[in-house]
Each structure stands twice: as structure tokens, then as C-alpha cells.
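Student: My questions concern the predicted model and sequence given below.
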Amino acid sequence: MKKRKALFGYLFTLPWLIGFLSFTLFPLVDSLYMAFHKVQISADGISTKFLGTGNLMYALSLDFEFLDAIFEISKYILILTPLIVILALILAMLLNRKLWFRTFFRAIYFLPVIILSGGLMNSLEKNGAFDIVDLTENSILRWMNHSGFHQIYYVIELLLKNIFYVLWFSGVQILIYLSGLQKLDQATYEAAYIDGASNWQAFWKLTFPAMKQFTTLNIVYTVVLIATFPTSKVVTLIMKNMFGQGDFQGLGYSSALSWIYFVVIILIMFLFLALTGIGTERKRKG
Amino acid sequence: MTSKKEIKGRLFNLISYALLLIFGFVFIYPIVYMILKSFMPKGDIFNPYVHLIPSRFVLDNYKLLFEKMNFFEGIGQSILLTFTSAALQVVSCGLMGYGLSRFDFKLKKLYIALVIISFVIPSQVLMIPTYLGYSELGLIGSKLSFFLPAAFGQGLKSSIFILIFYNFFNTIPRVLDEAAQIDGASSLQIFLRIAIPLSIPAVILTMIFSVVWYWNESYLTTLYIGEAKTLPIQMASVLSTMENMANKDPNAAMVNIPFKMAANFVTIVPLLIFYSILQKQFVESVDKSGITGE
């Protein structure tokens, strides 16, 4: 009986296994192989020439366009991810309350999830739909820039310039937090309030720890979303290089770029996960 | 004492509504901008008295748009590509999620780990060999380049759907299966008669996301099936000719804003209709099934 059940398990997961081997594992290994080669497509077929670490070395030391793009997107991910995740938690908590017009509010906040796409964001941004605030007009910001606060100014400027990315990128995360909040046990909260806990304490002692796994999920989701979004400069560079004919261009070089990008994304993700891990660990001890 | 608490509660409510309204306004500002601009006559662009609200609402931009793009072919192609891929994806991910949730087998933990890892692999890494593979098999330009991965659980963001189904089936008590087993049902019968009918909320939820993500995906579509005249691809090509013109003449960029906004709006209208039909079920299934589980 147990054996039969295991057999069914393999049967149900078989389509996925076939797909994983042919559409994920094979391309993954193949692109790693290509990253070390010069790949050219000609009328006779595909020719590859071994370059060793040539592609990677060139990309990491001389391809300044790529390096700039990598630094920029890393900065974006590092600054915007916490903002997006925090905003998503706040909005999810607001939307989870008993509200008048709750359906209306939810419809508004879920809308970007439905229509978010690279083409649309690109076109809206280029044509003035995102120009809701004019930064140069703001005297506080101007003062910040010229006094000692230009680090803070930089973050605020980045945030305001990308406010629609921050908001529209938070849709799925709001949904994930909402589904988490709905599983909270109301009785625990009532008990806490009877014991004299304030809303603020209830949030930090009950809600926040209970949301830990959802926060982890949201961080991973956000990093992947920002990194792979088609408006990312690195993504456009990888696409552009694919069909180039130059020395350090083409499919092999593009593969090398995508692998460097992959490693950078993974490192950022681990950094975030380590930070949240430490944060909650300390809370548990304290 | 109570009155103080009441006041505090009211204040808290007030702040909640204020925050929701402010953020809500910023959330939909670009959409409002897009819709209003799309009905604007060209003359309004250089009219200093007109900002968001057109001096009069005209359909000129839409008329021009329908001349420039083949709307009916576009929507047909988009629906075919999107709904077929989504249906295949939901089925394959549903099977995978069910298999992981209901049966114990040696490689199960490994499979779950691989599902999670494949979510983190950027599509850009897989794109190049996949493109090469497709061109060797002669699949470039064919919709199969989208249908095949979807049918084998490797479509757009498939990992998320697998995990949704996995968590969803975990919430259905195994007692139901055992009862049916005692009555002599086979594993296949249990799947068809018990699991499928119960999984409708999860199917709706994943179907909506899958349709939406396939519809909005235009970069891979351009790469694999460039000739497919789907709505987003047609819009992208109409817009890029416009942007090229704009690079030469900044005034042209301004003048064409209403037209470009109309093009954007037309591309998302089918999505908005689709969402408004399923919106109630969508919100309910988010509530009921949860998209994450334990």
C-alpha cells in the first residue's frame, strides 16, 4: 500500500520533473557552459570556442556599462526592498480592518497587480504619468541636498522618483500579508488587550513575530521582482548583447552577464535573509 | 476611561481612512492620468490651462489607434496565447501540488527544494539556452514555445502556483481521503472526485494570476514569438515608432502623449474586464484559501 502511494506520488509529479529537467536544469547548465565560451550562430549552425574565464573577466573589469547597471540595480534592490515590504505590511494591516468601502479600497490596491507590466510601466514613466511630485520645487529637499544631509536626500529622491514602482511592486506582497493576517487568532489579541497591552505592543509582540515567514517570502519575492523586471537596465543589457557580433558580445557573453547578475541577486537575498533572521532571533531572546 | 479609549479608537480609524485614501490616490494616479489623457484632443497638450482634465473628450486617439493596429487580431492572439498557457499551467501545477501534498515518497523534500530554487533563478539566465534550443527545434515563432513549459510546470512563475496548490491541498483534511479509501476508491478516483471539486477556489486564484502574468509578459513573447501580433506586442511596436519620432523632435513626444495613453489603455481594458468579472471570487479565494498556507 505504501509503495503504491509512493508510486502515485512519482506519477503526479512526473510532468513537473520532465519540465524541470528540460526547461530549467538543462538551460541552467547550458548557460553556465556558454558563459565560458564564445558562441556564434552562423548558417552552418552553432560554433563554440572555449574562452575560460575571459567573458567573466571582461565583464567584471572592463564592461563599465554593465558594471554601472549592476551597481545601480543593487542599490535599488537594497533600498527599495525594505520600503516595499514595510509598506505592504502597513497597507495589508489597514485593509484587514473592518472598514467601510472595504471592497472599494481592496479593488484599488489590487489593481496594479492586474495590470503591472514592463511595457506599461515604461510607457507611463516616459509620458509623464509618474510625475506627481516635482522634486526641484521642494525647498526642504533642496536645502537637504546642499547641507550635510545629502545621503538622506539621496534616499528620499530615489524613493520619490520611484514611488510608483514602490507602490505598484507591493501588490502581491499585500496579498501575501493579508492572507497571513487572516490566520491570526483573535482570541490571543483579546487576552492581550485585557492584560493591558496597547495596540503598539500587540503589533510588536503578536503580529510582527507571526508575520515572520510571510516577511521572508515577501523579501524573496520583491528581490526577484525588481531584479527580473524588464525595465531593469541589466536585463536590457543582457537582451542587447545576445545578438551582438562584437568580440565580447553574443550569446556566450550574455550568458556570462546573466550569471554574474544571478550571483549578485543571490548574495543580496542572503544578506536580507540574514538580517531578518538576526532581527527576530534577538527579539526572541530579549 | 472608556471615553478616552473611544476617542483614541476613533482617531485611529480616521488615520486609517486618511492613509488608505492618500495611498489609494497615489496608487491609481497613473491610471487616471492615462485614461483622462487618452480622451484629450491634441490641442490641449500645449494649452497652459489644461492639466489633467481635457477641455473636451474626444475619440480621435482611439480612432487613429484602431487604424494603426489590428485590434481584433491582437485580442484574438492574446486570448489564445494567454488562456491556453494559463490553463496548461494551472493543470500541471495543480497535479504537482497535489502529488507533493498527498503522497509520501523519497524525493519529495528534494522536489520541494527544487521548486523553491527555480523561483529564484532569473529568467534571463535560462532565456539564452532556451532560445537556442527552440531555434534548433524550429519552435521560434510557434506558440508551443509558451505552451510546452506551461504544460510541464515550468511556465511563468510556476513555482508560486505549485506552492499555492501544495499549501491548499495541505489544508484539506486527509480524513476525507481515508474515508473514500475505505469505501474502495482508488487514488485516481480520490483525486478526480474529491480533490478537484474542492480545489475550485485555488484554481480560480491561480488562473487569475496566470492569465494576468501571461498577458502582461511581452519581452519573452517578443523573443520567442515576435510575429505573434498579440495586443501588448502590437502596442509595443506602435509605441516604439512613436518614441523614435520623439527622439528627433521633443514636441512630437508631447503631442503624441494622448495617443500613447490610448494605446496603453486599450491593452489593459481586456484585463480590467476579466478582473471585474472574477473580482468577487478573487477576493473570496484570497480570504478562503489564503495564498500561502501554513
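Tutor: Looks like it came in fine.

Student: Any idea how far stretch B:219-232 is from the middle of the chain?
Tutor: Relative to the chain's own centre, stretch B:219-232 is displaced by 16 Å; criterion: CA atoms, centre = their mean, to the nearest Å.

Student: Point out where the stretch 1-150 of chain A drops to low pLDDT.
Tutor: A:1, A:133-139, A:141-142, A:145 (pLDDT under 70).

Student: Please enumerate the strands of it.
Tutor: A:37-42, A:45-50 (DSSP state E, counting those that start in this stretch).

Student: Kindly report the same for chain B.
Tutor: In chain B, no segments count as strands under DSSP state E.

Student: Which segments of it make up each domain?
Tutor: What the record gives for chain B is the domain set B:2-58, B:63-289, from automatic domain parsing.

Student: How many residues are close by whichever residue of the stretch 151-286 of chain A sits closest to chain B?
Tutor: Closest residue of the stretch 151-286 of chain A to chain B, CB to the nearest CB: A:S179 (3.8 Å). From N, CA and C alone the C-beta is placed, and that goes for glycine too. By other CB atoms under 10 Å in any protein chain shown, 21 other residues sit near A:S179.

Student: got it, and the one 3 residues further on?
Tutor: Neighbouring residues of A:Q182 were enumerated by other CB under 10 Å; the total is 13.

Student: Give me the phi and psi for it.
Tutor: phi -70, psi -20 (degrees, to the nearest 10).

Student: that older thread, distance-wise, check the residue of the stretch 151-286 of chain A closest to chain B relative to A:M211.
Tutor: Taking CB to CB, to the nearest Å as the measure, A:S179 falls 11 Å from A:M211.

Student: Mind telling me what element the residue of the stretch 151-286 of chain A closest to chain B is part of?
Tutor: In the assignment (DSSP states H and E), A:S179 maps to helix A:171-181.

Student: pLDDT averaged over that helix - what is it?
Tutor: For helix A:171-181, mean pLDDT rounds to 88.

Student: can you redo the domains of chain B as CSV with mean neighbour count?
Tutor: As requested, the domains of chain B are exported to CSV (neighbours: other CB atoms under 10 Å in any protein chain shown):
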stretch, mean neighbour count
domain B:2-58, 14
domain B:63-289, 19
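
Student: closest to chain A out of these?
Tutor: Nearest of the domains of chain B (CB to the nearest CB): domain B:63-289, 2.5 Å.

Student: residues in contact with the helix-or-strand element of chain B with minimal mean pLDDT?
Tutor: One helix or strand of chain B scores below all others by mean pLDDT, DSSP states H and E: helix B:250-255, with a mean of 74. Helix B:250-255 is contacted by residues A:127, B:42, B:45-46, B:243, B:245-246 when judged by CB atoms under 8 Å, 6 or more residues apart in numbering or on different chains.

Student: And it, how far out from the chain middle?
Tutor: 32 Å.

Student: Keeping just the C-alphas, turn it into PDB.
Tutor: This file holds the C-alpha atoms of helix B:250-255, laid out as PDB (Å, rounded to 0.1, in the frame of the first residue of the first chain):
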ATOM      1  CA  PRO B 250      10.600  66.600 -28.400                       C
ATOM      2  CA  ASN B 251       7.400  68.400 -29.400                       C
ATOM      3  CA  ALA B 252       6.300  65.300 -31.200                       C
ATOM      4  CA  ALA B 253       6.800  63.300 -27.900                       C
ATOM      5  CA  MET B 254       4.400  65.700 -26.100                       C
ATOM      6  CA  VAL B 255       1.800  65.900 -28.900                       C
END
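
Student: What separation do you get for A:L51 and chain B?
Tutor: Noted for A:L51: a distance of 16 Å to chain B, by CB to the nearest CB, to the nearest Å.

Student: What are the phi and psi values at that residue?
Tutor: Dihedral pair for A:L51: phi -120, psi 0, per degrees, to the nearest 10.

Student: so how many other residues sit close to it?
Tutor: Neighbours of A:L51 using other CB under 10 Å come to 19.

Student: tell me the contacts of it?
Tutor: Counting by CB under 8 Å, 6+ apart, A:L51 touches A:36-38, A:252.

Student: next one: phi and psi at B:I140?
Tutor: When read as degrees, to the nearest 10, the backbone of B:I140 gives phi -70, psi 130.

Student: Tell me if I'm right that it and B:Y134 touch.
Tutor: Yes. Counting by CB atoms under 8 Å, B:I140 touches B:Y134, with 5.0 Å between them.

Student: anything in contact with each of the two?
Tutor: Common neighbours of B:I140 and B:Y134 (CB under 8 Å, 6+ apart) are B:Y224.

Student: which of the domains of chain B has the lowest average pLDDT?
Tutor: If the domains of chain B are sorted by mean pLDDT, domain B:2-58 sits at the bottom with a mean of 84.

Student: Now the two most distant members of the contacts of helix B:250-255.
Tutor: B:F46 and B:E243 (19.7 Å; CB to CB).

Student: so which of the contacts of helix B:250-255 comes closest to B:L80?
Tutor: In terms of CB to CB, no member of these lies closer to B:L80 than B:E243, at 28.1 Å.

Student: and stretch B:21-36, does that touch chain A?
Tutor: Yes. Residues of stretch B:21-36 are located near chain A by CB under 8 Å from any CB of the partner chain, namely B:23-24, B:26-31, B:33-34.

Student: So which of these sit within helices?
Tutor: Counting by DSSP state H, the part of those found in helices is B:23-24, B:26-31, B:33-34.

Student: Make TSV out of those residues and add distance to B:S218.
Tutor: Formatted as TSV, those follow (distance: CB to CB, whole Å):
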residue	distance to B:S218
B:F23	28
B:G24	28
B:V26	26
B:F27	23
B:I28	23
B:Y29	23
B:P30	18
B:I31	19
B:Y33	21
B:M34	17
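
Student: Check those residues and tell me the two furthest apart.
Tutor: Greatest spacing in these, by CB to CB: B:F23 and B:M34 (18.7 Å).

Student: Stretch B:213-225 and chain A in contact?
Tutor: Yes. Shown here: stretch B:213-225 in contact with chain A (CB under 8 Å from any CB) through B:215-219, B:223.

Student: Of those residues, just say which sits nearest to A:F262.
Tutor: Nearest to A:F262, judged by CB to CB, of those is B:Y219 at 17.4 Å.

Student: Surely that closest one and A:P230 touch.
Tutor: Yes. With contact defined as CB under 8 Å, B:Y219 counts as touching A:P230 (4.6 Å).

Student: Common neighbours of these two, please.
Tutor: Common contacts of B:Y219 and A:P230 (CB under 8 Å, 6+ apart): A:G118.
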